[in-house]
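1. predicted coordinates and the sequence they were generated for:
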Amino acid sequence: MAPNSPFDELVNRHGTSCLKYDFGLARKGRTDLLPMWVADMDFALPKDILADFHARIDHGIFGYTDPDADYYEALDGWFSRHHGYHIKPEWVTVGCGVVYGLATAIKAFTRPNDAILIQQPVYYPFREVIEDNGRVFVNSQLRNEGGRYTIDFDDVEKKMIAHNVKALLLCSPHNPVGRVWSRKELERLGDLCLTHHVIILCDEIHCDFVYAPHHFTSFLTLDEKYRRNLAVFTSPSKTFNVAGFQPGNIIIPDETLRQAYRRANAASGYSQGSIMGQIAVKSCYTKGDAWVKELVAYIKGNIDWTRDFVKKNLPQAVMTDPEGTYLVWIDFSGYGLSDEGLEEAVTDKAKLWLDSGKIFGPETAQFERFNMAAPRAVIEEAFGRLKKALEN
């Protein structure tokens with residue numbers, strides 16, 4: 001990491017209605033916590049992208065807006081350059097973020113009381129969008145093999161059959177455990193879904209955060225047979241931290257599935273989408289290559305620093321080494337604390353706001369998820385506090 005990196009700048013986000021910093025009182029009952037919870041980066045965008053946002057705002061009129069040819073060209077350009085696949089414009093339906101897209105897909109492809117499979121520990125809105133829409137959540141727990149997580153394929157198939165599962169929500173790369181699924185793993189999962197007529201809803205929002213020697217494989221780069229029952233969900237919101245603009249692209253190659261999705265989308269009353277979300281897709285995906293390369297290198301440096309710190313200073317903790325995402329998953333069960341004792345150490349003693357492992361599934365209540373997308377000084381401050389809290 002070069003000294004004086006632009007990513008070292010401490011940007012004050014207080015007073016901007018920022019979920020991460022301004023809602024401690026509303027969500028935690030206090031305002032003295034250092035937040036490292038929600039997957040939201042503390043880095044400002046480069047000036048050439050900001051200039052496109054300013055230019056659109058300076059125009060002064062913000063009416064209904066549809067994606068144009070430049071939009072689809074930017075989308076296809078990014079994913080072909082970085083991930084090796086092309087996107088046909090007709091495959092794309094614009095949405096207001098990935099979670100909205102997942103919820104809409106559940107309504108499009110399943111019926112109330114249908115079973116939908118997830119693999120905990122996993123991004124907690126997966127279970128929420130299943131149960132909030134009157135479907136039945138089925139879990140096939142990932143196997144933790146010495147700090148590295150793998151898919152229990154036998155259990156996946158058993159659950160698919162036993163519960164007559166209709167859809168699989170797949171997190172790829174996986175949040176929070178940081179796995180970047182291999183081509184072989186995805187193909188085996190895809191074959192199970194084809195055999196048992198399970199629709200794959202694949203959240204690929206973290207695809208741009210992958211660390212060598214690992215390589216992201218999109219489901220859209222696999223054999224075309226998998227496209228018969230596939231919907232892929234993407235957004236620049238993670239890569240460029242533009243979630244506030246609510247961009248989202250739902251990519252469905254199969255026409256029958258796509259039309260079913262669009263009917264459910266229309267039933268939700270959603271159509272044109274956000275102007276600034278569309279500007280973000282066009283600008284970020286055409287001007288962001290160099291910035292993202294530097295960003296990923298900086299976050300990799302934060303992860304490397306954290307790994308070394310944990311080994312040297314938190315001897316009873318076990319950090320899962322992330323292959324992707326900007327999140328770090330750490331097991332604190334070695335400290336012998338109760339679940340409540342761990343939360344007391346994190347919140348009351350270290351004064352950190354983290355995502356507790358219990359929200360990702362009951363089996364991981366002794367884990368904590370840390371956000372690495374912050375200036376190094378913030379990372380160092382957080383882990384320094386944690387060290388003192390656990391020592392005392």
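-> Done, it's in. Numbering: from 1, shown residues only.

2. hey, where'd the strands end up in the stretch 1-150 of the chain?
-> Here the stretch 1-150 of the chain has its strands, by DSSP state E, counting those that start in this stretch, at 34-35, 92-94, 115-118, 136-139, 143-145, 148-150.

3. what is the fourth one packed up against?
-> Counting contacts by 3 or more C-beta pairs under 8 Å, 6 or more residues apart in numbering; DSSP states H and E, strand 136-139 packs against strand 115-118, helix 125-132, helix 153-163. Just so you know, the C-beta spots here come from the backbone N, C-alpha and C atoms, and that holds for glycine as well.

4. hmm, 10 Å instead?
-> Counting contacts by 3 or more C-beta pairs under 10 Å, 6 or more residues apart in numbering; DSSP states H and E, strand 136-139 packs against strand 115-118, helix 125-132, helix 153-163, strand 165-171.

5. same check on the first one?
-> The helices and strands touching strand 34-35, judged by 3+ C-beta pairs under 10 Å, 6+ apart, are helix 19-22, helix 24-28, strand 352-353, helix 376-391.

6. need the strands of the stretch 1-150 of the chain in a markdown table (columns: mean neighbour count, distance to Lys107 and mean pLDDT).
-> Shown next, in a markdown table, are the strands of the stretch 1-150 of the chain (neighbours: other C-beta atoms under 10 Å; distance: least, C-beta to C-beta, whole Å; pLDDT from 0 to 100):
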| stretch | mean neighbour count | distance to Lys107 | mean pLDDT |
| --- | --- | --- | --- |
| strand 34-35 | 20 | 33 | 97 |
| strand 92-94 | 20 | 14 | 98 |
| strand 115-118 | 23 | 11 | 98 |
| strand 136-139 | 18 | 15 | 98 |
| strand 143-145 | 13 | 31 | 95 |
| strand 148-150 | 15 | 30 | 96 |
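
7. do a quick rundown of the helices in the stretch 201-350 of the chain.
-> For the stretch 201-350 of the chain, the helices defined by DSSP state H, counting those that start in this stretch cover 255-267, 275-287, 289-313, 339-343.

8. among the strands of the stretch 1-150 of the chain, which comes closest to His54?
-> Using C-beta to C-beta as the measure, strand 92-94 is the one of these that comes nearest His54, at 22.8 Å.

9. the helix or strand where Lys184 lies vs helix 153-163, what angle?
-> Following DSSP states H and E, one finds Lys184 within helix 183-195. Going by axes from the mean of the first three to the mean of the last three C-alpha atoms, to 10 degrees, helix 183-195 is angled at 20 degrees with respect to helix 153-163.

10. buried stuff in helix 183-195?
-> In terms of neighbour count (16 or more other C-beta atoms under 10 Å), helix 183-195 has its buried residues at Glu185, Leu186, Glu187, Arg188, Leu189, Gly190, Leu192, Cys193.

11. and Gln259, how many neighbours?
-> Gln259: 12 surrounding residues under other C-beta atoms under 10 Å.

12. pretty sure it contacts Ala108?
-> Yes: counting by C-beta atoms under 10 Å, Ala108 is a contact partner of Gln259 at 9.3 Å.

13. what sits in contact with each of those two?
-> Ile252 (C-beta atoms under 10 Å, 6 or more residues apart in numbering).

14. what does the pLDDT read for the residue nearest to Asp40 when sequence neighbours are not counted?
-> Among residues not flanking Asp40 along the chain, Lys20 sits closest, at 4.8 Å (C-beta to C-beta, 6 or more residues apart in numbering). With respect to pLDDT, Lys20 scores 96.

15. what of the one 5 residues further on?
-> At Leu25, the pLDDT value in this model is 93.

16. before we move on, what about Pro3?
-> Looking at Pro3, its pLDDT stands at 50.

17. picking that back up, any chance of the strands of the stretch 1-150 of the chain in JSON lines, with distance to Pro253 too?
-> Shown next, in JSON lines, are the strands of the stretch 1-150 of the chain (distance: least, C-beta to C-beta, whole Å):
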{"stretch": "strand 34-35", "distance to Pro253": "39"}
{"stretch": "strand 92-94", "distance to Pro253": "10"}
{"stretch": "strand 115-118", "distance to Pro253": "21"}
{"stretch": "strand 136-139", "distance to Pro253": "26"}
{"stretch": "strand 143-145", "distance to Pro253": "31"}
{"stretch": "strand 148-150", "distance to Pro253": "28"}
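
18. closest to Ala373 out of those strands?
-> Judging the strands of the stretch 1-150 of the chain by C-beta to C-beta, what sits closest to Ala373 is strand 34-35, at 11.8 Å.
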